[in-house]
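Chemist: just coords:
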């Protein structure tokens with residue numbers, strides 16, 4: 001994993017280092033006992049994502065990756081820029097929303113920390129030849145509980161992908177390590193952020209364990 005230094009700042013934001021860039025992320029309450037530092041990749045801008053893609057590609061370059069995979073939607077800008085930076089042409093998307101071309105998709109159940117209801121990851125059967133027997137890197141914006149990442153790994157492996165690396169812009173707290181088990185060793189991250197819990201005075205304090 002990449003070296004990281006993050007510090008809290010005032011005004012309801014958290015200053016995080018993501019590879020070679022520093023950004024202030026808004027702290028967003030999920031409920032009375034939990035808040036998250038939220039990064040929306042589709043709002044980060046082309047220049048930020050291009051540079052982040054180069055930084056993450058550098059961490060994945062030794063894996064002889066042939067195809068990039070990601071989970072929709074926030075992982076798509078990451079996949080595009082990492083694919084471009086590695087000089088590849090193929091990336092595949094694991095969808096969460098049923099679409100007309102996914103009526104016969106390979107499916108895997110998943111539940112995310114930012115989503116109330118259980119969902120399914122869906123992989124287009126027509127794309128199986130693009131990953132079957134090939135060296136695949138799974139990339140995403142944030143790994144938090146590890147639930148989405150674990151489901152994506154199971155789905156990719158079920159269609160014959162050889163997953164050789166997991167890349168992410170940020171990891172959140174540490175619960176994901178136990179959730180991913182031995183696969184946690186494949187994670188390469190540009191940064192780390194905590195969760196936030198309320199203290200007795202009503203302020204939010206960093207929780208690095210989760």
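Modeler: Done, it's in. The structure presented is a predicted model; accordingly, all values stated were derived computationally and were not measured.

Chemist: So which elements touch the helix ranked longest in the chain?
Modeler: Determined from DSSP state H, the single longest helix within the chain is helix 46-60. Packing contacts for helix 46-60, counted by 3 or more CB pairs under 8 Å, 6 or more residues apart in numbering; DSSP states H and E, involve strand 21-31, helix 76-85, strand 135-143, strand 162-172, strand 187-189. For the C-beta atoms, the positions are set from N, CA and C on the backbone; glycine is no exception.

Chemist: looking at the ones you listed, which is buried most?
Modeler: Most buried of those, by mean neighbour count (mean count of other CB atoms under 10 Å): strand 135-143, with a mean of 26.

Chemist: Return the set of buried residues in the helix or strand following it.
Modeler: Downstream of strand 135-143, the first helix or strand assigned by DSSP states H and E is helix 147-158. Residues 147, 148, 149, 150, 151, 152, 153, 155, 156 are the ones in helix 147-158 that count as buried (16 or more other CB atoms under 10 Å).

Chemist: which residues sit in contact with the fourth one?
Modeler: Read it as residue 150. 110, 179, 180, 183 (CB atoms under 8 Å, 6 or more residues apart in numbering).

Chemist: Pull up the distance across stretch 188-198, start to finish.
Modeler: 30 Å (CA to CA, to the nearest Å).

Chemist: again, but for stretch 123-141
Modeler: By CA to CA, one end of stretch 123-141 lies 19 Å from the other end.

Chemist: Kindly report the same for stretch 30-44.
Modeler: Span of stretch 30-44 from end to end, CA to CA: 21 Å.

Chemist: Give the buried residues for it.
Modeler: Those would be 34, 35, 36, 37, 38, 39, 41, 44, for stretch 30-44 by 16+ other CB under 10 Å.

Chemist: Which of the residues you listed fall in strands?
Modeler: For the buried residues of stretch 30-44, membership in strands holds for 34, 35, 36, 37, with DSSP state E as the criterion.

Chemist: Which one of the helices and strands packed on helix 46-60 lies nearest to residue 198?
Modeler: Of all the helices and strands packed on helix 46-60, it is strand 21-31 that lies closest to residue 198, at 9.2 Å by CB to CB.

Chemist: neighbouring strands for that closest one, and are they parallel or not?
Modeler: strand 13-18 (antiparallel), strand 34-37 (antiparallel) (DSSP bridges).

Chemist: Any idea which of those strands gets closest to residue 82?
Modeler: Closest among the strands paired with strand 21-31, using CB to CB: strand 13-18, at 13.6 Å.
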